[in-house]
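1. Output the structure for:
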Amino acid sequence: MASRRVCLLGALFAVLSVAIEGHSASSEASVASKARRQLKEEPNPNDGYDYMQHGFDWPGLQEGGTTKYPACSGSNQSPIDINTNQLMEPSSRSGTSAVSLNGLNVDGAQADGITLTNAKVDLEQGMKVTFDQPAANLPTIEIGGTTKSFVPIQFHFHHFLSEHTINGIHYPLELHIVMQEQDPADVATAQLAVIGIMYKYSENGDAFLNSLQTQIEGKIGDGTASYGDTGVSIDNINVKTQLLPSSLKYAGYDGSLTTPGCDERVKWHVFTTPREVTREQMKLFVDVTMGAHAGADVVNNRMIQDLGDREVYKYNY
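-> Modelled structure (predicted):
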């Protein structure tokens, strides 16, 4: 009886081994691919925080007996819920103009359009993409009477639950294009501006996400990249055609970074018309997150924050 039990356990273990990996044991390519994966011990790549409580714990995190991220308990935090029925007219906003997208809203194939060149993606939670910083026809915002140019420095994703909600509704995916004022006196206190773009479920999907998925799966498959790698080269990115939504209606407000240290120095521009994503495209974010960090939460959103006495303004409506 004991011998039979051992045999059964051995067979069960073999079946589970195949099932967990999701591949046939006879596939040499699959075995080779699994062998190349570099699963990290830590649950995620972040600096002393995670998404297990979706940010509720961040204000209380300690380091050396002191609060590590004090700004996370501030009164002008992000993300927020955007009620499109309560948006204010931009003429009532003091000290901040609409964003002029300039080259971001011009097809990168044209001379004055912005194409993100030398693009590289981190194959881990959030899938941050960096690139050579564009130098011409940059977006501008007038702040306190001074027109400032903003340099796009990276974009990343919040997946399975958007960070912002629109009329109380989460989207499955939110893209953040992070921009910093050009030539700041101090990078640590530089004015930031973020463009938020939502994605809704659709059978059509998104051409850029399809291209990104194909490139990443190809590099994983041929061994030129592994989950957990950073700075993996991808094709150039045309911002207008591949990232921006079809409508440029957006909600603008003053807020913070949605990750620690939660600095309250962000001009937010959240577009209210979504792009589209399929179920199959969303699986990329599961594969990358779990492949890079075995214990990570595939849902990397911070819970919405109190609006307080802030106003949210409508643009291009």
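2. State the three-state secondary structure for the most centrally placed residue in the chain.
-> Ranked by distance to the mean C-alpha position of the chain (Cα atoms, centre = their mean), the top residue is residue 157 at 1.8 Å. Assigned by DSSP: H, G, I helix; E, B strand; the rest coil, the conformation of residue 157 is strand.
3. Was I right to think it contacts residue 171?
-> No: taking Cβ atoms under 8 Å as the definition, residue 157 is not a contact partner of residue 171, at 11.5 Å. The way it works is simple: take the backbone N, C-alpha and C, and place the C-beta from them, glycine included.
4. where do the contact lists of the two overlap?
-> Between them, residue 157 and residue 171 share no contacting residue under Cβ atoms under 8 Å, 6 or more residues apart in numbering.
5. Residue 147 belongs to a strand, doesn't it?
-> Yes: Residue 147 forms part of a strand when assessed by three-state DSSP.
6. Report pLDDT for it.
-> We have a pLDDT of 98 for residue 147.
7. OK, contacts around it?
-> Counting by Cβ under 8 Å, 6+ apart, residue 147 has contacts 140-141.
8. try it again with 10 Å
-> Residue 147 is in contact with 97, 100, 140-141, counting by Cβ atoms under 10 Å, 6 or more residues apart in numbering.
9. Show me which of those residues is closest to residue 87.
-> Among the contacts of residue 147, residue 97 lies closest to residue 87 (Cβ to Cβ), at 16.1 Å.
10. Who's the closest spatial neighbour of that closest one, skipping the chain neighbours?
-> residue 142 (3.8 Å; Cβ to Cβ, 6 or more residues apart in numbering).
11. Would you mark the buried spots in whichever helix or strand that neighbour is part of?
-> According to DSSP states H and E, residue 142 maps onto strand 140-143. Neighbour counts over strand 140-143 (16 or more other Cβ atoms under 10 Å) mark 140-141 as buried.
12. by contact count, what packs against that strand?
-> The contact analysis (3 or more Cβ pairs under 10 Å, 6 or more residues apart in numbering; DSSP states H and E) places strand 140-143 against strand 146-159, strand 173-181, strand 192-201, strand 266-271.
13. try it again with 8 Å
-> With contacts defined as 3 or more Cβ pairs under 8 Å, 6 or more residues apart in numbering; DSSP states H and E, strand 140-143 has these neighbours: strand 146-159.
14. next structured bit after the strand it packs on?
-> Next along from strand 146-159, by DSSP H and E: strand 165-166.
15. how far out from the middle of the chain is that following strand?
-> With Cα atoms, centre = their mean, to the nearest Å as the basis, strand 165-166 stands 16 Å off its chain's centre.
16. try stretch 109-116
-> For stretch 109-116 - counting by Cα atoms, centre = their mean - the centre lies 23 Å from the chain centre.
17. pull the CA atoms of it into PDB?
-> Taking C-alpha atoms only, stretch 109-116 is exported to PDB below (Å, rounded to 0.1, in the frame of the first residue of the first chain):
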ATOM      1  CA  ALA A 109       6.300  60.400 -39.200                       C
ATOM      2  CA  GLN A 110       6.100  64.200 -39.700                       C
ATOM      3  CA  ALA A 111       9.000  66.600 -39.000                       C
ATOM      4  CA  ASP A 112       7.400  68.300 -36.000                       C
ATOM      5  CA  GLY A 113       6.000  65.100 -34.400                       C
ATOM      6  CA  ILE A 114       7.600  63.300 -31.500                       C
ATOM      7  CA  THR A 115       8.800  59.700 -31.900                       C
ATOM      8  CA  LEU A 116      10.200  58.000 -28.800                       C
END
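18. List of residues touching that stretch?
-> Residues from elsewhere that reach stretch 109-116, judged by Cβ under 8 Å, 6+ apart: 102-104, 106-108, 129, 131-132, 134, 136-138, 152, 236-240.
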